[in-house]
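S.K.: structure, please.
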Amino acid sequence: MSMSEILRREPVTLSPSDSVSRAAELLVEEHVLALPVVEDGKLVGVFGLHELVELLMPRAVRLMNQGLEGLTDLDFVADTLDEVRERMGHVCETEVGEHLERGSERTPLDPDSSFTEALFLVYKLGRDLPVVEKKTGRLAGMVSPWDVLERIRRR
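M.R.: Got it, this is the predicted structure:
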């Protein structure tokens, strides 16, 4: 079985110029973990819940992601919900394109990728995965962890 059999064709997409506010709205409305960011039909990146939450974290916590992975006690960070909302207000007006992870690990599947590869990447990345045509770089669709799980459950 290949990705072309389970991918969601014509997923909701973002453009790099869409606001983070618009991305947050779509993530909630569509009940997805990530949205493909497309320019001229080609995938340029992915913006999802992970990127949004990272933008809302205090700077000290974001710095932990740069070499202090073992630190798990965050008692020194005492942000209130109002402070997180204030940060959300600031980042909401920025463009999605400013916050994209643009790397090969974000475009791992093509329509001929195997189901096992999708299962492994859902395990490894834990997010919706873009499916991209190898030759053209065009977005073919998305595969979510739910799509993979549904296919496993189906008899």
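S.K.: every contact and neighbour count from this point should use C-alpha atoms.
M.R.: OK.
S.K.: I'd like the next helix or strand past the strand or helix carrying Val122.
M.R.: According to DSSP states H and E, Val122 maps onto helix 115-125. Downstream of helix 115-125, the next assigned helix or strand under DSSP H and E is strand 129-132.
S.K.: just how off-centre is that next one within its chain?
M.R.: Remark: strand 129-132 is offset 11 Å from the chain centroid, using Cα atoms, centre = their mean, to the nearest Å.
S.K.: give the buried residues for it.
M.R.: By 16 or more other Cα atoms under 10 Å, the buried positions in strand 129-132 come out as 129-132.
S.K.: likewise stretch 7-17?
M.R.: Buried residues in stretch 7-17, defined by neighbour count with 16+ other Cα under 10 Å: 7-8, 11, 13-16.
S.K.: bridged to Phe47, which residues?
M.R.: Leu35 (DSSP bridges).
S.K.: burial measure for Val90, as a count.
M.R.: You called it Val, but residue 90 is His. 14 (other Cα atoms under 10 Å).
S.K.: kindly report the same for Glu83.
M.R.: Close neighbours of Glu83, defined as other Cα under 10 Å, add up to 13.
S.K.: now it, what's its secondary structure?
M.R.: With DSSP: H, G, I helix; E, B strand; the rest coil as the basis, Glu83 sits in helix.
S.K.: can you check the pLDDT for it?
M.R.: Per-residue confidence (pLDDT) for Glu83: 81.
S.K.: so how far is Met57 from it?
M.R.: Taken as Cα to Cα, to the nearest Å, the spacing of Glu83 relative to Met57 amounts to 10 Å.
S.K.: do Glu10 as well
M.R.: For Glu10, the distance to Met57 (Cα to Cα) stands at 32 Å.
S.K.: hmm, Ser4 is touching Asp112, no?
M.R.: Yes. Here Ser4 reaches Asp112: they are 6.6 Å apart, a contact under Cα atoms under 8 Å.
S.K.: the two - which one has more neighbours?
M.R.: Between Ser4 and Asp112, counted using other Cα under 10 Å, the more crowded position is Ser4 (19 against 15).
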